[in-house]
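Novice: This is a predicted model, with the sequence first.
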Amino acid sequence: MVFWVQFITFSDVFGDAAKFDAYYPPTPLEIKFDQPPIIDNGRTLVPIRAIVEAMGATVDWVAASQTATIVKGAQTVKMQISNVTMTNNGVPIQLDVPPKIVGGRTLIPARAIAEAFGAKVEWNADENAGFSAAAKCWLGINANYRYINYASQNNDPASVLNFYKTLIAFRQKNECLKSGEFIPIFANQRLMVYQRRLEQETYSIALNFSSRKVKLPEKAAVFFHEAPLITSASLRVLNGILFPWEGVLCKS
């Protein structure tokens, strides 16, 4: 999970995914977004087509009513821009935040659409993962729900969830990371280093795609003398070393 959040987050939140792929070829598990996800009122919204097709569903868009119809087998989910009610096989379901259009792309609440098609997220460590007070919940619960759930992730500043939120919020406020020039520095099957540059501002990003510590090559290490602004591991002076699965961002 950490690996894929790191991969999707840094390449799509901080980078130009198409250029990134030229240096680190994608695998069949990759989901690429042409519009980065956003956080709206504490909820993650993702581009509809990428996430829906990754789940094996199809989507039909009606521009006149700004309505998306998502179909998988006998199941049909409908969502409308700015409407906090979606329907699942005709049954209305209230959303915490409505779908919206950003950058010419339709973004929908990630959790709502995932759970609509059975990809649930355990809510907390209470009995039945917080879904039901019944003796036995009709919904299957993962065995590790008492320590891997939304509440624990949300309360842990170092969690994958909060790391992802930090990255998205940082990018939204930074024009260099959104539209700056993509500058490749180094890449192999374990390590990727690149920069984003706009006028006098430059950020350096390094990603370790392996389960072992990785030493940055000299040509890349020169950009990471200071402690990173953001890291998926612990804040520290890197000394040329990335921890397993670590991603870091430094201002150069």
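Specialist: That came through, no problem. Numbering: from 1, shown residues only.

Novice: domain parsing for the chain?
Specialist: 1-32+179-252, 34-172 (automatic domain parsing).

Novice: Now do the same for the longest one: mean pLDDT, whole number.
Specialist: Here domain 34-172 scores 82 as its mean pLDDT.

Novice: Quick one: distance of that domain to the chain centre.
Specialist: Relative to the chain's own centre, domain 34-172 is displaced by 12 Å; criterion: CA atoms, centre = their mean, to the nearest Å.

Novice: start to end distance for it?
Specialist: From its first residue to its last, domain 34-172 covers 15 Å (CA to CA, to the nearest Å).

Novice: oh, and call the first residue 30 from now on, that's how I've got it
Specialist: Sounds good: first residue 30 from here, last item domain 63-201.

Novice: Look up how far residue 119 lies from the residue nearest to residue 183 when sequence neighbours are not counted.
Specialist: Once flanking residues are discounted, residue 183 sits nearest to residue 190: 6.2 Å by CB to CB, 6 or more residues apart in numbering. Backbone N, C-alpha and C define where each C-beta goes, glycine included. Plainly put, residue 190 is 32 Å away from residue 119 if you go by CB to CB, to the nearest Å.

Novice: out of those two, which sits in the more crowded spot?
Specialist: With neighbours defined as other CB atoms under 10 Å, residue 190 and residue 119 compare such that residue 190 has more, 16 against 7.

Novice: did I read that right, that one in a helix?
Specialist: Yes. Looking at residue 190 with DSSP: H, G, I helix; E, B strand; the rest coil, it is inside a helix.

Novice: That one contacts residue 179, doesn't it?
Specialist: Yes. Contact criterion CB atoms under 8 Å: residue 190 and residue 179 qualify, at 7.4 Å.

Novice: Deepest-packed of the domains of the chain, please.
Specialist: Each of those was scored by mean neighbour count; the highest is domain 30-61+208-281, a mean of 17, by mean count of other CB atoms under 10 Å.

Novice: and the nearest residue to residue 90 once chain neighbours are set aside, what element?
Specialist: By the measure of CB to CB, 6+ apart, the closest residue to residue 90 outside its immediate chain neighbours is residue 97, 5.5 Å from it. Element membership of residue 97, judged by DSSP states H and E, is strand 96-101.
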